[in-house]
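Asker: sequence unavailable; structure follows:
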């Protein structure tokens, strides 16, 4: 899959923000549950979280209880030819 990382980070950041707001949590509260600094969460939500480690991304998805939806989040970027090798 050849997808620009900026696009993925932006898409994931928007998704995290939407889910956090849907749950009525502040950035500070949510960041504490995840174990990251609120400014790190803010950068991710703004699409600037390129340095966020995969372990933190997975922890965010776990706290949101949406790990299984990760594929749905990035699926629109997968081309048919990319899925043939999966």
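Answerer: Perfect, thanks for sending it. Fair warning: this is a prediction, and the values are worked out from it, not measured in the lab. Residues are numbered from 1 along each chain as shown.
Asker: element containing the residue positioned nearest the centre of the chain?
Answerer: Nearest residue to the geometric centre of the chain (C-alpha atoms, centre = their mean): residue 12, 3.4 Å. Using DSSP states H and E, residue 12 falls within helix 5-22.
Asker: packing partners of that helix?
Answerer: For helix 5-22, the packing partners by 3 or more C-beta pairs under 8 Å, 6 or more residues apart in numbering; DSSP states H and E come out as helix 38-45, helix 54-64, helix 70-74. Any C-beta I mention is one placed from the backbone N, CA and C, and that applies to glycine too.
Asker: low-confidence regions, the chain specifically.
Answerer: 1-4, 67-86 (pLDDT under 70).
Asker: kindly recompute the last result at 80.
Answerer: Where the chain drops to pLDDT under 80, the residues are 1-6, 8, 49-55, 66-86.
Asker: hang on, the earlier thing: the helix holding residue 12: which residues count as buried?
Answerer: Within helix 5-22, the residues that count as buried by 16 or more other C-beta atoms under 10 Å are 8-13, 15-17, 19-20.
Asker: ok, back up a step: go through the helices and strands packed on helix 5-22 and pick out the most buried.
Answerer: helix 38-45 (a mean of 19; mean count of other C-beta atoms under 10 Å).
Asker: where does that helix sit relative to the chain's centre, distance-wise?
Answerer: Between the centre of helix 38-45 and the centre of its host chain there is 11 Å, according to C-alpha atoms, centre = their mean, to the nearest Å.
Asker: kind regards, and thank you for your time.
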